[in-house]
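In: here you go, sequence then predicted model.
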Amino acid sequence: MGIFESFIQGVVQGLTEFLPVSSSGHLTITQHIFGATEPNLFFDVMLHIGTLVAVCVFYYKLLWRLIKEFFCLIGDIFKGKFSWKNMSHDRRMIIMLIIGLVPLFLLFTPIPTTDMQIKDLADLFTGPKYFIVVGIALVVTSVLLTLGDRISNRNVGKHSKEGENGGRTEMTVGDAITVGLTQFVSAVFTGLSRSGSTLATAQIRGVNKQTALDYTFIMAVPSIIAAALLEFKECLDSPAGLNVDILPIIIGVVTATVVGYFAIVLFKWLLKTNKMIIFIVYTAVVGIAVIVISIIEMQSGCNLFTGVPIV
């Protein structure tokens, strides 16, 4: 992998990991354009670490509060002092994060009559023959963002005591389960934005847009760690998994970290100022473009950008 390609993929990962446009979908698109038939697993792991650093730096105060509150919660449970009704905002956030992450374990459910697990479907749908799946998933992301944005704006003024931007500022168990299931689905279908779909789902449930966004980003921390660990395990199982140059990795990681940080800043500002239409239109346009390109490629039998036969 060259320096220029590593830089481009770092920019793509940093932007799309947190903006509601699907990082996996855009990495698949860039790899399709460059003609990469096999993803560099170790490089992908390092890009995930870069975006993990970005979200931890941005949310370090909240993350530190949640870590301290987690240990206090454990202590209160063992002392018999835990009270569901009298939970603080941070303690409720921790419990809702745990509940929201539980559906991810469904990814390890075996698929009957095969030696695959549900998580393996993500690899099945990322090959050149299934490029159209990315386009369809991006269009679905656009639809979800539209619904979430409309419902959130409709709630403005209805919950003045609970959220200045409309909606509840506290997550419920139902919210956490629904968002968790949405994240589970987004992990299977490349192109379905994790941040976009979970944010939209929380908004559809009536959660305040800023609360929904903070919940989505904090939930990204264990999700990114899990994804990186799974990909690293695949690297160890692959003979060429660790056969990479150091300089492109450093450039990719640094780029993903810096771009990812500013992507979070940008996303929060655009959400606060009601400019989600940018992402709604973007994901719809890119999704439709990918669908059209896929149809052309299926008819010609070749990659439109490289001319390489699709197998």
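Out: Happy to help now that I have it.

In: next up, the contacts around Ile151.
Out: Neighbouring residues of Ile151 by Cβ atoms under 8 Å, 6 or more residues apart in numbering: Gln203, Ile204, Gly206. The way it works is simple: take the backbone N, C-alpha and C, and place the C-beta from them, glycine included.

In: relative to Ala220, which of those residues is nearest.
Out: Gln203 (16.8 Å; Cβ to Cβ).

In: which SSE is the nearest residue to the closest one once chain neighbours are set aside in?
Out: Nearest residue to Gln203, sequence neighbours excluded (Cβ to Cβ, 6 or more residues apart in numbering): Gly148, at 3.6 Å. Gly148 belongs to helix 131-154 when assigned by DSSP states H and E.

In: pLDDT on the helix or strand following that helix, on average?
Out: Next helix or strand after helix 131-154 toward the C-terminus (DSSP H and E): helix 173-188. Mean pLDDT, computed over helix 173-188, is 94.

In: what is helix 173-188 packed up against?
Out: Counting contacts by 3 or more Cβ pairs under 8 Å, 6 or more residues apart in numbering; DSSP states H and E, helix 173-188 packs against helix 89-101, helix 121-124, helix 194-204, helix 209-237.

In: rerun at 10 Å
Out: Judged by 3 or more Cβ pairs under 10 Å, 6 or more residues apart in numbering; DSSP states H and E, helix 173-188 is in contact with helix 89-101, helix 121-124, helix 131-154, helix 194-204, helix 209-237.

In: okay, which residue is most central for this protein?
Out: By Cα atoms, centre = their mean, the mean C-alpha position of the chain lies nearest to Arg194, the distance being 3.2 Å.

In: which non-adjacent residue is nearest it?
Out: Using Cβ to Cβ, 6+ apart, the nearest residue to Arg194 is Ser186, at 4.5 Å.

In: and His32, by the same measure?
Out: According to Cβ to Cβ, 6+ apart, the nearest residue to His32 is Phe131 (6.0 Å).

In: what about the helices in the stretch 1-150 of the chain?
Out: Using DSSP state H, counting those that start in this stretch, the helices of the stretch 1-150 of the chain run over 3-18, 23-34, 41-58, 60-79, 89-101, 121-124, 131-154.

In: and these, which one's lowest on average pLDDT?
Out: When the helices of the stretch 1-150 of the chain are compared by mean pLDDT, helix 121-124 comes last with a mean of 78.

In: quick one: list the elements packing against it.
Out: Helix 121-124 is packed against helix 173-188, with contacts defined by 3+ Cβ pairs under 10 Å, 6+ apart.

In: need the CA coordinates for the helix or strand where Met298 lies. CSV is fine.
Out: Using DSSP H and E, Met298 sits in helix 277-300. The C-alpha coordinates for helix 277-300 follow below in CSV (Å, rounded to 0.1, in the frame of the first residue of the first chain):
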residue,chain,number,x,y,z
ILE,A,277,-30.2,17.4,5.3
ILE,A,278,-26.5,17.4,4.1
PHE,A,279,-26.1,13.8,5.2
ILE,A,280,-29.6,12.8,4.0
VAL,A,281,-28.9,14.0,0.5
TYR,A,282,-25.3,12.8,0.4
THR,A,283,-26.1,9.2,1.4
ALA,A,284,-29.0,9.1,-1.0
VAL,A,285,-26.9,10.4,-3.9
VAL,A,286,-23.9,8.1,-3.2
GLY,A,287,-26.2,5.1,-2.6
ILE,A,288,-28.0,5.6,-5.9
ALA,A,289,-24.7,6.2,-7.7
VAL,A,290,-23.3,2.9,-6.3
ILE,A,291,-26.4,1.1,-7.4
VAL,A,292,-26.2,2.4,-10.9
ILE,A,293,-22.4,1.6,-11.1
SER,A,294,-23.2,-1.9,-9.8
ILE,A,295,-25.8,-2.6,-12.4
ILE,A,296,-23.4,-1.4,-15.2
GLU,A,297,-20.7,-3.6,-13.8
MET,A,298,-23.0,-6.7,-13.5
GLN,A,299,-23.9,-6.2,-17.2
SER,A,300,-20.3,-5.7,-18.4
